[in-house]
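In: would you be able to build a 3D model of this:
(chains A, B, C, D and E)
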Amino acid sequence: MFFLLATLAVAAAVGMLVSRSPVASALWLVLNLFCVAGLYLTLNASFIGVIQILVYAGAIMVLFLFVIMLLNLSALPQLEDIQWTQVAAFAVGVVILAQLLYVTALGLDVPIEPVSAETAAEVGDARLLGKELFTRYALHVEVAAILLLAATVGAVMLAQRRFD
Amino acid sequence: MDSELLVRLILLLPLFGAVVNGLGPLFVEQMRTREGWIGTLGTAVVVVPFALTAYLFATFDGTPVVVDFFTWMEAGDLSLQFSYLVDELSLIMTLVVTGVGGVIHLYSTGYMHGDSGYWRFFAYLNLFIFAMLNLVLANNLPVLFLGWEGVGLCSYLLIGFWYTDLSNSAAANKAFIVNRIGDFAFLMAMFLLFSQLGSLDFDVLLAEGPQLSQDVLNWTVLLLFIGATGKSAQIPLFVWLPDAMAGPTPVSALIHAATMVTSGLYLLARMSELVLAAEIVMAVIAIVGALTAIMAATIAITQNDIKKVLAYSTVSQLGYMFMAAGVGAFFVSIFHVLTHAFFKGCLFLGSGSVIHSMEHVEHELEAEGHDVSDFDPQDMRTMGGLQQYMPSTGWTYFIATLAISGIPLLAGFFSKDEILFKAFEYGFVGGANYAWFVWGVGVITAALTAFYMARSYYLTFLGEPRWPDADTVHAHESSASMTIPLWILAGGSAVTGYLGLPAVIADGKLNWIHHYLGADYGGPVAEPSLAGHVPLALEWGLIGLSSGIAVGVFLYARSAYLATGVAFDETLSARFGGLYQTWSDTYYWDDFYDNVVVDSLINGLARRGLAPFDGRVVDGIVNGVAGAAQVGSGLLRRLQTGVVQNYALALVLGVVLVIGLMVFGG
Amino acid sequence: MDIPYLTSLVIFLPTVGALLTLLLRRASAIRWTALATTTGTFALSIVLFLGYDPAVSTAGAPQLMDISAAWFPDAIDVKYFVGVDGLSILLILLTTLLGPIVVLSSWTYIDAKEKGYYALLLLLQTGITGVFASFDLILFYVFFELTLIPMYFIIGVWGGENRIYAAIKFVLYTLVGSLLMLVAILYLGYEAAAVDPGHVFTTDWYTLLEYNIPADTQTWLFALFALSFAIKVPLFPLHTWLPDAHVQAPTGGSVILAGVLLKMGTYGLVRFCLPLFPNAAQSWAFALAALAVVGIIYGALVARAQPDAKKLVAYSSVSHLGFVVLGIFAFTTEAMQGAVIQMVNHGISTGALFLLVGMLYERRHTRRMNDYGGLATSVPILSTLMVFSVLASAGLPGLNGFVGEFLILLGSFKSTVLDSVALVALATTGVILAAVYLLYMVYELFFGELTDPANANLADVNAREFVLMAPLVLLMLVMGFFPQPFLKQTAPATTFLLDTIEEKHAAVEAMEAPPTADDAAREALPVAPPEAAEVTLDPDDLRSFDPDR
Amino acid sequence: MEVALNWYLALGAVLFSIGTLGVLFKRNAIVVLMSVELMLNAVNLTLVAFSQSMGDPDGQLLVFFSIAVAAAEAAVGLAIVIAIFRSKVTVDINEINLFKH
Amino acid sequence: MELARAFSTMAADLPAIFSMIVVSVVGLVMLTVAAFRSDHPSIPWLGVAGMVVASAWELFQLGTEPGTAFFGAIRVGGYAAFINLLVLLAGIATTILSVPYLHRLKHDYGEVYALLMYATVGMILLGSSNSMVSIFVGLETMSVCLYVLAGLIREDEGAVEAALKYFLLGAFSTGFFLYGIALMYGATGTMYLPAMAQADLATAGGTLLFWAGVALFLIGFLFKVSAAPFHMWTPDVYQGSPTPLTGYMSTASKAAAFGSLILVLYYALPAERWTLVLAVVAVITMVVGNVMALSQANVKRMLAYSSIAHAGYILVALAAGTEAAFAGALFYLLVYTVMNIGAFGVMALLEWDGREGRVQTLDSLAGIGTDRPVLGVTMVVFMFSLTGFPPFGGFFGKYAVFAPAVDAGLTWLVLIGVLMSAVSGYYYLRVVYVFWMQDRDDVVDARQASLGGLPPVSRTSQGVLVVCAVGLVAMAFFSGGLIEAATGFFDASAMAAAGGGG
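Out: Down below sits the predicted model:
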């Protein structure tokens, strides 16, 4: 299951990367997000998985698509030649990947669910997370609320047409 | 009277005169024309010290008197007082300075009459006397140096006295700077002595100096001598003295003939014990003196400017004095200083009188409508026949000419003969080979001296007047204030020689100056010579030789110039050819200095070398660093392309770097 | 007279005056306030001078001290610590003397933005006096930098054509050096704490004097200090900011710059470089003295090539200060005393030269010597003053310049540290060259016919100008003939300094003598005194013991 | 299912790198924004994997905030894109280079 | 955790977040007022009042014992109060300076001030955070608000460009930042800073993971404080954003970010490895910032590079890593905040028709000091202080960061630092001479610009500037005490008090 989803996720990500139409990219990304949501479920993190689909795939990506449609964006013309910055970018991207893989893949072959399946399920459970959110993380939730408010106000300020 | 008080008065009166004469008129314009007051004060502050010195001289009992004023500076080992010493040597020098100085001051009241800078002149002159007195009365080297530089300053101020003519000022600068080159050596000598002995007081130097190692002694004396060459116009630093004639004539008489230029001699005499201990350097001194003497004498033959002749003559006579010093006969040097002060002072003042009168001629010619732009009142070629118009000047000039030429029984005869004799004796008894050379050169120079002085006198005073319209335009004798000093000095030129009668007379017992100065300034050979080291007959022979040469050459020149006048110079020129050209071009010394030393230093090195170097290289590097930062900034800012993806790329590069350093580097 | 906080008062009275001028509106009121303040400060500094008794402090300790509590936290011993000793008293006096003179010289020269000018001038004086009075290195640094800001404005706002370039160059050049010095000061402070665990970070001069720093460390600390001061002096080849700054600055600025600001460099060398790093200073003495000598000759020759009178005087400073540096690095009492007195002398005579050139500039608005000529006829008093100052500057015996140069050269000649006759001989040629370029200037300016009618109708010095010149001219004479009262003031401090240097030099040599049996112990604690082993160290202290840091 | 933790981590790294490449390559501002979302998504995966492997909920809580932040950023980001489209009529980030050097 | 107990604990901890509460509540009120009348003149002053109250509270908190609140989520007392105070003061100054500026640009919407308040809330959380989650949430709250504020004048191409660049790169760096948190979390199993330091990094992989995490985590901060090579956004964004808000971005956000970074370095990381990284970044930052500032013709852009350079100086202290160094960095932040707010404030007042702003050059301001002496004099103070001249605060700031670095053995780094600050003298002094030493009539740009008349005067804004300038001068006397106080925040007892959490 993991490998299937993982392959699919990577494929979707690459698809996003290579498609030239923004709409296509957005749809590839949605696929990727679904795959990741699936992976969350394989990790027993059901709450996050649901949130992932609801917020990310459902809300955020719709927003993206909406804006793309609104601005009536089509694919940008292809660049004639390859610039050195792009070569460098690719090289750097590969190096980053190598570094990250080096540090993440080495020596951490501990299996998931070290304690027990119950604990694992409980940790991913909405109830526990909810309790934590309103006790230990109450302050953060409040500030996150302000963050969202600010984002809303800001988005309105920037995108709204004023009467002037 | 208390001798300390006297010394104070002697020193400070001229200073007082300088300050009053200088500052008063500077700030109060009405005072500038009060010539009577200024002249009287200026002369009085020299004459009174002369009287006081005479009193000191008369009452001097042979024990040196040291007068301390106050502490100059103390630092570390150095303890320096304003300290003055009255002894035989300084008394004689003081007498000369104040005596001849007084006379020349008197002369100046007439000579400078009507000059807008009258007050300045007397201020400078008084200041000069003050500095000169410091020089001769000093009891340690720095105070001597104070006077030494002080007279240099006054010389500078007086050479450039008529500053509106830039060539005068240039000559002044030259004098000061060339003197400074000598001062450099003087300073180094002081440093060397101080580093060895820890003191610069004469008593210490003279007592402990001779025990220094030979190297140190040689260096010290050589440096002192180089210092002396600057002030006393010896090769190679004599070049300033002929130019110094740009100053008013009394200045030439006082400073550039009688007093200041002899201070180099004074210095060596003062340090005689050190000099005598440095045998090799003595040879250098004597040879340089001899070469200077003959070189200047040959140049003097070719000069047409009456003062230039006298100037080169002075250089030549100074060379004589150094010859004497170089053979250890310091008392003879001083003797010659004394006689020279009189006859050369007299000659210069006489030339001043002539120039005065020729300027008068120039004015009259101008009044009559002649073009006087080429008329040079100092050029002997335009003179002639002045004896009839100005008898006093003529006669005194004649007496002094005879004296300097070494005509027997006048002052120059005795002193010059003594020098030649000492040189001879040094070779004869002491066995120093260079002394023979010195003697030979001295004899030739004596002949040359007689020649050019006779030329000078006859061209100037006899023959027909050679200026235009000589029938209607006449020269005039100068005023009494100028002729009286001339007669005083001429009298001195005649009689001062008897202060140092040669050893052939009464076995030298009548050589007063030798006895007075004592063996200190006589040197190793001179002392026994009192008893007659050289056979009397030989000495008589020598005297005869030099008298003969002097008289003979003088008469030859007389007949030549009386007969053909100026034209004889052309005969000479034809006879000597290139040599004559070299003489009249002063051996190309000036060309050498102007074109090689000055040009390469100022124009080559400073102007074309270092100044651009400073701007382009030294400053260029500084500006270059700043410029490089700017350029670097300009290059770096091109990385800031404005494209956000490039920024992101840089960021990721940074990430790679940081991860690399953190994970793999630490 | 017993005035409390006298030293501080002398430092900060000008600041008070500066604040006062800010409140005033009328230019004349501002000028008079500035004059009154500076004169008052000068009067106070005379009290200070009289109150300072060299006989009392044979150990060279400062007197009339004002010390505050530490400025920073307990672990950092940085404090307000001012006082006077033999090295500084004369320079303080010179600074306060130049104060009223500069104000007077600017009376009509500055005809715009007077308020700012005089306020900055007064602030500048505070800075300079503070530099000379500080006995704490950080405080010294603060005052040292404080002088830059007013000077930057004085050059930049009231200066000549190319003023901005000159001002920036002046500030940046000095800044590079002084910032490096700051690093060295910090290191030194910690080094002291490291050498002796009982001590905290300190920048107190007297405390630092007690420490013997290893020779290696000395070398680079010395390098940083010396670089900073060499720029300020300025020592060849770091001098190029000076001609620019001088030429562009208004007269008052040039006078301060030449008169006292440059002395901060030489003073710093004497006060800090020598006693704090005696071994390094002696090892590098020859190199620095050689640079100084190059500067003497080079400055003189370049001065001779200048067509601009002010630039000529500026380069003459390069030459003259070479003598001071030479004297400092000779390590003999004579030379050191000469250097100290020469700092004052140079301030007087070069200050006078700048004032006079400024007076000419104010009359004719040109500094090119070609534009002048024959002025001796039209302005005899000014000419006399100029010739007098030139002679003083050229080191004529009987005037002030000679005393310093003579002592310096005399002392350098016998110096065993330099041990080079050739060097002194070359330096002495500077005496000749000084005459060359200075007389050339006199020649160009004053002699010859008055060909240009613009020069013929110049006014001679007026009463104000005469009053401001008079003290300087008088001092040239007084210090030429009676330098002893001044030398006497500096003697104990100089002796103390040289003795300290000698002792410390020997101590460090002994400390670093060839390795012995307890080499290993030395390895661990390279500079700690023996009792350090008994003290329990906390980790932070151990860190600062690291010899490699 | 016995999938070791580092598989998840590696997947996260790969996705993160693809996101990075997206930011570096895509010229459309909105797609760049989406790439950023992909990066955050990859991190979220990593966090959840850690959280689950240790049985500690903190990681998942951070993911919760991360998603909130992603939402806020998306809103603001899209608003900015709209604003820029209005003034420049393009979303090509290569053409948005008024300020440089 | 028992919910009831948790709530009572939270209620007891409310004073700890008093200032956050005040600021956010006032922000909400402002938003409400703005809903009725967007350009109501009282809105900014409401905000000022709120922040004044908050800062008074924080001032009071400065002396209290350090500790944690909200289950170890945030820190309270001394250190946190100091950072919060800094942020609040910057906020107050910015608000006052923005009033005339935004009014002139006809963008004086109430929402802007409200967003400023929210950004402040984020900074307060960031500056006092004790856990990774707090850091993340605080940082993002701050950032999102700043993205919006940067693009606030959306009719202006430059402003939206600035916003876009800031946003894209900010979001990008957030990705790395969050990844870093994830890896550190994975290696240590905790989000709380003190616990992180005590975690056992037994396995080799764990260590690797941890340090890679630290590296990525640092990148987030280095981006926020615009250290090179993560600085590229800074000049563009600073140039494009509304000037007073640029001042705010360059000071408050840096203060909060550095404050938080210091906490992380001090509490969470063992003292190894990161010294070299920070030192290298500091070198690059100082060089890039100072050298690139040299050739800038636009003051705001120059100040942007200057702020990069100043981040470099602070990083020197951070690299030193001693308590004294951290204290020095704190003091430097204070000084830097005052002088940079001031400098941008002056530029905000000088930005009017035709003069310096987004595209105009420094030259257009030639001789302005004579026309507007208050601005001229205060600018001079700011410039000299930024250069690090005594007796202004900037010098003592430099002293405070460099001295401990020397003590810690980083003399080479300090040498580079001082050389670079000598370079900085060039561009700071240039502002001074353009203001005072050049004549308007001699400079083409200025002559053209003078057609637009003289800049308008705002008494309140000038008041703020004068306070800043006087404050910088007064530092000469109080710097010792302030540094001492800052050192006090790093007592060993503070460490102990922070031991809890999680």
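
In: okay, now residue 49: neighbour count?
Out: Just going to use chain A. Residue neighbour count, defined by other CB atoms under 10 Å in any protein chain shown, stands at 20 for residue A:49. Quick note: C-beta positions are derived from backbone N, CA and C, even for glycine.

In: hmm, no, I was thinking of chain E.
Out: Around residue E:49 there are 14 other residues, counting by other CB under 10 Å.

In: could you say which helix or strand holds it?
Out: Per DSSP states H and E: residue E:49 is located in helix E:42-61.

In: that helix near chain A anywhere?
Out: No - on the criterion CB under 8 Å from any CB of the partner chain, helix E:42-61 is out of touch with chain A, staying 13.2 Å away.

In: buried ones in that helix?
Out: E:43-48, E:50-55, E:57-58, E:61 (16 or more other CB atoms under 10 Å in any protein chain shown).

In: quick check: mean pLDDT across it?
Out: Mean pLDDT, helix E:42-61: 93.

In: how far does it sit from its chain's centre?
Out: Centre-to-centre, helix E:42-61 and its host chain are 18 Å apart (CA atoms, centre = their mean, to the nearest Å).

In: which helices and strands sit right next to the next helix or strand after that helix?
Out: Tracing the chain past helix E:42-61, the next element assigned as helix or strand by DSSP H and E is strand E:67-69. Secondary-structure packing of strand E:67-69 (3 or more CB pairs under 8 Å, 6 or more residues apart in numbering or on different chains; DSSP states H and E): strand E:74-76.

In: the strand it packs on and chain D, are they touching?
Out: No - counting by CB under 8 Å from any CB, chain D is not contacted by strand E:74-76; separation bottoms out at 14.8 Å.

In: contacts for that strand, please.
Out: By CB atoms under 8 Å, 6 or more residues apart in numbering or on different chains, the surrounding residues in contact with strand E:74-76 are A:139, E:16-17, E:61, E:64, E:66-69, E:80, E:125, E:128-130, E:134, E:263, E:498.

In: mark which of those residues are buried, thanks.
Out: Neighbour-count burial (16+ other CB under 10 Å) applied to those gives A:139, E:16-17, E:61, E:66-69, E:80, E:125, E:128-130, E:134, E:263, E:498.

In: so residue C:245 versus residue C:152, what's the distance?
Out: From residue C:245 over to residue C:152 the distance is 10 Å, taken as CB to CB, to the nearest Å.

In: what do these two both touch?
Out: Counting by CB under 8 Å, 6+ apart, the common neighbours of residue C:245 and residue C:152 are C:167, C:170.

In: per-residue pLDDT, residue C:283?
Out: Residue C:283 carries a pLDDT value of 92.

In: what sits against it?
Out: Residue C:283 touches C:215, C:219, counting by CB under 8 Å, 6+ apart.

In: touching chain E at all, stretch C:244-255?
Out: No - residues of stretch C:244-255 are not located near chain E by CB under 8 Å from any CB, the shortest gap being 11.0 Å.

In: so for that stretch, mean pLDDT?
Out: The average of the pLDDT scores along stretch C:244-255 is 92.

In: quick check: which ranges of chain D have low pLDDT?
Out: D:1-2 (pLDDT under 70).

In: show me the helices in it, by range?
Out: D:5-25, D:29-54, D:58-88 (DSSP state H).

In: which stretch among those approaches chain B most closely?
Out: Chain B lies closest to helix D:5-25 among those, at 5.4 Å (CB to the nearest CB).

In: against which helices or strands is that closest one packed?
Out: Contacts defined by 3+ CB pairs under 8 Å, 6+ apart place helix D:5-25 against helix A:2-18, helix A:22-42, helix A:84-105, helix B:644-659, helix D:29-54, helix E:157-188.

In: just the angle between it and helix E:157-188, please?
Out: Relative orientation of helix D:5-25 with respect to helix E:157-188: 170 degrees, computed using axes from the mean of the first three to the mean of the last three CA atoms, to 10 degrees.

In: ok so, going back, Serialize the helices of chain D to CSV and add fields for distance to residue A:37 and mean neighbour count.
Out: Shown next, in CSV, are the helices of chain D (distance: least, CB to CB, whole Å; neighbours: other CB atoms under 10 Å in any protein chain shown):
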stretch, distance to residue A:37, mean neighbour count
helix D:5-25, 13, 24
helix D:29-54, 10, 28
helix D:58-88, 11, 24
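
In: so which of those helices is nearest residue B:142?
Out: Between residue B:142 and these, the shortest gap by CB to CB is with helix D:5-25, which sits at 81.7 Å.

In: thought residue B:42 was touching residue B:124?
Out: No - counting by CB atoms under 8 Å, residue B:42 stays clear of residue B:124, with 9.8 Å between them.

In: between those two, who's got more neighbours?
Out: Applying other CB under 10 Å to residue B:42 and residue B:124 shows that residue B:42 carries more neighbours, namely 30 against 26.

In: helix/strand/coil for the more buried one?
Out: helix (DSSP: H, G, I helix; E, B strand; the rest coil).

In: what's the distance between the residue of the stretch 251-400 of chain E found nearest chain B and chain A?
Out: In the stretch 251-400 of chain E, the residue that lies nearest chain B is residue E:273 (3.5 Å; CB to the nearest CB). Computed as CB to the nearest CB, to the nearest Å, the residue E:273 to chain A distance reads 14 Å.

In: now the residue of the stretch 151-300 of chain C found nearest chain E: closest residue in space, sequence neighbours ignored.
Out: Across the stretch 151-300 of chain C, no residue is closer to chain E than residue C:179, which sits at 3.8 Å (CB to the nearest CB). Nearest residue to residue C:179 in three dimensions, chain neighbours excluded: residue E:418, at 3.8 Å (CB to CB, 6 or more residues apart in numbering or on different chains).

In: who are the contact partners of residue C:308?
Out: C:247, C:367, C:368, C:369.

In: identify the farthest-apart pair in those residues.
Out: C:247 and C:369 (13.0 Å).

In: sorry, back to before: and the pLDDT at the residue of the stretch 151-300 of chain C closest to chain E?
Out: Listed pLDDT for residue C:179 reads 91.

In: then the one 3 residues further on?
Out: At residue C:182, the predicted lDDT confidence score is 91.

In: low-confidence regions, the stretch 1-150 of chain C specifically.
Out: Counting by pLDDT under 70, the stretch 1-150 of chain C contains low-confidence ranges at C:1-2, C:57-61, C:73-75.

In: what parts of it come near chain E?
Out: C:70-76, C:78, C:113, C:138, C:141-143, C:145-146, C:148-149.

In: among the residues you listed, which are in strands?
Out: Members of the residues of the stretch 1-150 of chain C next to chain E lying in strands (criterion: DSSP state E): C:70, C:76.

In: and residue B:660, what does it touch?
Out: Contacts for residue B:660 (CB under 8 Å, 6+ apart) come out as residue A:99.

In: now it: how far from residue A:102?
Out: 11 Å.

In: ranges for the strands of chain C?
Out: Assigned by DSSP E, the strands in chain C fall at C:63-70, C:76-77, C:79-84, C:201-202.

In: dump these into CSV; add distance to chain B as well.
Out: Formatted as CSV, the strands of chain C follow (distance: least, CB to the nearest CB, whole Å):
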stretch, distance to chain B
strand C:63-70, 21
strand C:76-77, 31
strand C:79-84, 20
strand C:201-202, 29
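
In: does residue E:298 really touch residue E:240, like I thought?
Out: No - between residue E:298 and residue E:240 there is no contact under CB under 8 Å: 11.0 Å.
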